[in-house]
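S.K.: What follows is a protein structure lacking sequence information:
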């Protein structure tokens, strides 16, 4: 027998929510006897949903970067900042180390997520056996770092609440920040709907 | 008793882990289970610590800015209300959920479940509490907010006088507790507890 048997081969299903190992009774809407959550071998319509969410996130990501996220008004002087110009300002005037952190959270992580999820979707749909372990690790990395992208959104919220000196200095949020917040939420949902077990399923499985 | 790897569906026989041991999947290298030095009582103590820190982090101001002798300070809710008023309601809702409602919900549910788990019992509503905990798990972002505060302080420091308030230290403590909790899989409580009267 295969030294590393998979749940499907043994007629088993692991509950996503509580981890209970159940026998696959092959009925359409089976529920976990322990926690009551729906039991399924793979997350439902994983490819379709993840693709749809990834595309939606990408469409929000464009205005998130093009539109300014924050306006600073001081003594009649108006200055609008996009994500990138905010990072440059931090680099030039303040601390390059923090600029690198913000750059990583706001630019590198979202772009990495688009590429990583795109790569995982395409390779799994083709049933590719290439670098399966590494692809598994890539997925866990995406899941782990995803929510740190919310960093810039919280920075804008804090500065808006703090910099309220009327005529002398005032900070307002601009639409870019809303698009960016939505991008982060949608990419998080996208990585949750992707089922990493598909990486190992090969060609015979297209849900 | 079996383990099924969540990341690749490989099935293993369970075994007892030694102190500090981590079981990894031989196929995909994901973590199957780890040994927890911290028992139910230890977890309960951590949750209570987190609750106290969270309370302080929310009532005390986080930072104060000064310009020409004028001082302005804010709390988390100050930020949320301000974003709502400044036409960024979406951001206000995201912040309220990920920084307030979900973290507090997580702590209360976990505290409730652990309170009973000390005696190996399942609390009333155990099932719902555990399922809810699973779903809100990835949506708490207090640690990101702490880093965000740091960035905001550095940015504001270019133009204003900045005074750090006790709130930020409470957030620091909260961040430490969250990190300590990060490796604990609370789903273990399903195996540690029995239905009452069963």
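M.R.: Everything's here; your move. Model, not experiment: these values are computed from the prediction. Numbers count the residues shown, from 1 in each chain, chains lettered A, B, ... in the order given.

S.K.: Outline the domain layout of chain A.
M.R.: Domain assignment of chain A by automatic domain parsing yields the ranges A:1-41, A:45-205.

S.K.: mean pLDDT lowest for which of these?
M.R.: When the domains of chain A are compared by mean pLDDT, domain A:1-41 comes last with a mean of 88.

S.K.: Check the spacing between residue A:53 and chain B real quick.
M.R.: Residue A:53 sits 15 Å away from chain B, taking Cβ to the nearest Cβ, to the nearest Å as the criterion. Placement of C-beta: from N, CA and C, glycine included.

S.K.: Quick check on that residue: phi, psi?
M.R.: phi -70, psi -40 (degrees, to the nearest 10).

S.K.: Contact partners for it?
M.R.: Residue A:53 sits next to A:186, A:187, A:189, A:190, A:193 when contact means Cβ atoms under 8 Å, 6 or more residues apart in numbering or on different chains.

S.K.: and for the longest helix along chain B, what are the contacting residues?
M.R.: Secondary structure assigned by DSSP state H gives helix B:40-59 as the longest helix of chain B. Judged by Cβ under 8 Å, 6+ apart, the contacts made with helix B:40-59 from elsewhere in the structure are B:38, B:75-77, B:100, B:103-104, B:107, B:110-111, B:114-115, B:117-118, B:142, B:166-167, B:170-171, B:173-174, B:177-178, B:180-181, B:184, B:186, B:189, B:192.

S.K.: Could you do stretch A:101-121 as well?
M.R.: Residues outside stretch A:101-121 that contact it (Cβ under 8 Å, 6+ apart): A:47, A:50-51, A:54, A:57-58, A:61, A:83-84, A:86-87, A:90, A:135, A:138-139, A:141-142, A:145-146, A:148-149, A:151-152, A:155, A:180, A:183-184, A:187, A:190-191, A:194, A:199, B:147, B:151.

S.K.: likewise stretch B:67-87?
M.R.: By Cβ under 8 Å, 6+ apart, the list of residues contacting stretch B:67-87 from outside reads A:154, A:157-158, A:160-165, A:168-169, A:172-173, B:57-66, B:89, B:91-92, B:95-96, B:99-100, B:145, B:159-161, B:163, B:165, B:167.

S.K.: can you tell me which of the residues you listed are in helices?
M.R.: Applying DSSP H to the contacts of stretch B:67-87, the entries found in helices are A:154, A:157-158, A:160-162, B:57-59, B:89, B:91-92, B:95-96, B:145, B:167.

S.K.: Derive a ChimeraX selection command for the buried subset of these.
M.R.: Typed into ChimeraX, the next command selects the buried ones out of the ones in helices among the contacts of stretch B:67-87 (criterion: 16 or more other Cβ atoms under 10 Å in any protein chain shown):
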select /A:154,157,158,160,161,162 /B:57,58,91,92,95,96,145,167
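
S.K.: Quick check: residue A:147 is in a helix.
M.R.: Yes: for residue A:147, which was evaluated using DSSP: H, G, I helix; E, B strand; the rest coil, the result is membership in a helix.

S.K.: That one and residue B:145: what is the separation?
M.R.: In this view, residue A:147 and residue B:145 are 11 Å apart by Cβ to Cβ, to the nearest Å.

S.K.: Go ahead and name everything in contact with stretch B:113-127.
M.R.: In this structure, residues lying in contact with stretch B:113-127 by Cβ under 8 Å, 6+ apart are A:34-36, B:40-41, B:43-44, B:47, B:112, B:129-130, B:133, B:186, B:189, B:192-196.

S.K.: Just the buried ones from these?
M.R.: Using 16+ other Cβ under 10 Å as the threshold, A:34-35, B:40, B:43-44, B:47, B:112, B:129-130, B:133, B:186, B:189, B:193 are the buried ones among the contacts of stretch B:113-127.

S.K.: hang on, the earlier thing: just the buried ones from the contacts of stretch A:101-121?
M.R.: Of the members of the contacts of stretch A:101-121, the ones counted as buried by neighbours, 16+ other Cβ under 10 Å, are A:47, A:50-51, A:54, A:57-58, A:61, A:83, A:86-87, A:90, A:135, A:138-139, A:142, A:146, A:148-149, A:151-152, A:155, A:180, A:183-184, A:187, A:190-191, A:194, A:199, B:147, B:151.

S.K.: Out of those residues, which sit inside strands?
M.R.: When the buried ones among the contacts of stretch A:101-121 are checked against strands (DSSP state E), there are no matches.

S.K.: Show me those residues that map onto helices.
M.R.: With helices identified by DSSP H, the entries of those that belong to them are A:47, A:50-51, A:54, A:57-58, A:61, A:83, A:86-87, A:90, A:135, A:138-139, A:142, A:151-152, A:155, A:180, A:183-184, A:187, A:190-191, B:147, B:151.
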